[in-house]
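Enquirer: sequence isn't available, so here's the structure alone:
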Ligand SMILES: Cc1cc2ncn([C@H]3O[C@H](COP(=O)(O)O)[C@@H](O)[C@H]3O)c2cc1C
Ligand SMILES: O=C(O)c1cccnc1
């Protein structure tokens, strides 16, 4: 656990961090044995076997369920869009928030199919009149332009994390078994790339992508803006809160809180693309154990995402060349995660079939 410094709510956050415990190894072993006795070659379901093992370690028993699912979509705006880093105008954030409550955005469609509820939270958008279905937790109307100063104060970043923790706790109290995280905020691939560059020391030009689809000149500009933001703010890579407040965003802070809160309450969290990935990296740097509660849904087309997943040592379940965000990749992974829990519940064992579990020349046996 790394020490955080500064602001309100900090004690609560420190307590939550202390409540994050390692996975339960015995339950994981129990699930591994259970899977090894099912009527299939050893390990043949690949990552679908790793999932229930992880879920067992999180749940603390070898019968994890993912019946109740939710996606949290944190929404915030970014002062840095003034620099021309996105292909779309800032107003799209608010318009999309409206779209979420109408149930017409990509995340609504995919979450509906996955049987997951969508919770939309305004943590920092420019929207004045927020639809009643949206949870109102605005820290401020958009971040400051990180190209000319810190995006937020330390206190605001802490407030954002705290909001995310409360969100995760509320969902835990409601009996949610599986969480997904997503975001909406025009310009937010810029802070996501900046945070990744600071945390990994990989070059900004290698990490930075076209986000919503800027052209080559736009990409050069975006790289220059990120360089300026990092040079000007000089975030300390060893201090995740410093990185988050200087070159992050409100919705990213909120997602950090969801990740920490969910881990403290032993709920698995499915991360989405590059923005929730940057939040995951920050949560990991705050408390490395939080990583064990994360499941990587997909590999985004945005280059920083691969570096984030490498750093977290997480393997994505899908690679659909998506670059949308909102939690769409997380929603797509939900049915796969559910499949993995049906496997151990519904498949027959070798014993039930009356045949030996392991043939003599199986690959795993020879390697053992
Ligand atoms: C209509 C629309 C819907 C979206 N849903 C998610 N994003 C995604 O794109 C934005 C990040 O990309 P950039 O940094 O290039 O602005 C975020 O809002 C992200 O969630 C969207 C973007 C648009 C335009
Ligand atoms: O990876 C993502 O989630 C992503 C990529 C581009 C734009 N918005 C989101």
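Expert: That came in fine, so what should we check first? This is a predicted model, so every value here is computed, not measured. Numbering: from 1, shown residues only. Ligands and ions are numbered 1, 2, ... in the order given.

Enquirer: for residue 314, which non-adjacent residue is spatially closest?
Expert: In space, not counting the residues next to it along the chain, residue 314 is nearest to residue 296; the distance is 4.0 Å by C-beta to C-beta, 6 or more residues apart in numbering. Placement of C-beta: from N, CA and C, glycine included.

Enquirer: model confidence for the one you found, exactly?
Expert: Turning to residue 296, the model gives it a pLDDT of 99.

Enquirer: same check on residue 109?
Expert: 99.

Enquirer: roughly how far is stretch 322-334 from the heart of the chain?
Expert: Averaged C-alpha coordinates place stretch 322-334 at 10 Å from its chain's average position (C-alpha atoms, centre = their mean, to the nearest Å).

Enquirer: anything in that stretch near ligand 1?
Expert: Yes - using C-beta under 6 Å from any ligand atom, stretch 322-334 reaches ligand 1 at 324-326.

Enquirer: of those, closest to ligand 1?
Expert: Compare each of the residues of stretch 322-334 next to ligand 1 with ligand 1 using C-beta to the nearest ligand atom and the shortest gap goes to residue 325, at 3.1 Å.

Enquirer: give me the number of residues near that closest one?
Expert: Residue crowding around residue 325 was assessed by other C-beta atoms under 10 Å; the count is 28.

Enquirer: and for residue 252?
Expert: By other C-beta under 10 Å, the residues close to residue 252 number 34.

Enquirer: what kind of secondary structure is it in?
Expert: When states are read from DSSP: H, G, I helix; E, B strand; the rest coil, the local structure at residue 252 comes out as helix.

Enquirer: return the residues in contact with it.
Expert: 74, 76, 160, 183, 188, 191-192, 195, 244, 275, 278-279, 282 (C-beta atoms under 8 Å, 6 or more residues apart in numbering).

Enquirer: phi first, then psi, for the residue of the chain at minimum distance from ligand 1.
Expert: Scanning the chain for the residue nearest ligand 1 gives residue 211, at 2.4 Å (criterion: C-beta to the nearest ligand atom). In this entry, residue 211 is assigned phi and psi values of phi 50, psi -120 (degrees, to the nearest 10).

Enquirer: and residue 296, by the same measure?
Expert: Dihedral angles for residue 296 - degrees, to the nearest 10 - are phi -90, psi 120.

Enquirer: partner residues bridging it?
Expert: For residue 296, the residues forming beta bridges with it (DSSP bridges) are residue 271.

Enquirer: in a strand, residue 123, correct?
Expert: Yes - secondary structure assignment places residue 123 in a strand (three-state DSSP).

Enquirer: quick one: residues contacting it.
Expert: Taking C-beta under 8 Å, 6+ apart as the definition of contact, the neighbours of residue 123 are 74-76, 137-139, 160, 163, 250-251, 253-254.

Enquirer: okay if I get these as TSV plus neighbour count and distance to residue 92?
Expert: Putting the contacts of residue 123 into TSV (neighbours: other C-beta atoms under 10 Å; distance: C-beta to C-beta, whole Å) gives the following:
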residue	neighbour count	distance to residue 92
74	37	16
75	30	11
76	35	13
137	20	21
138	19	18
139	23	20
160	31	21
163	25	23
250	35	17
251	34	14
253	31	21
254	33	19
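
Enquirer: lovely, talk soon.
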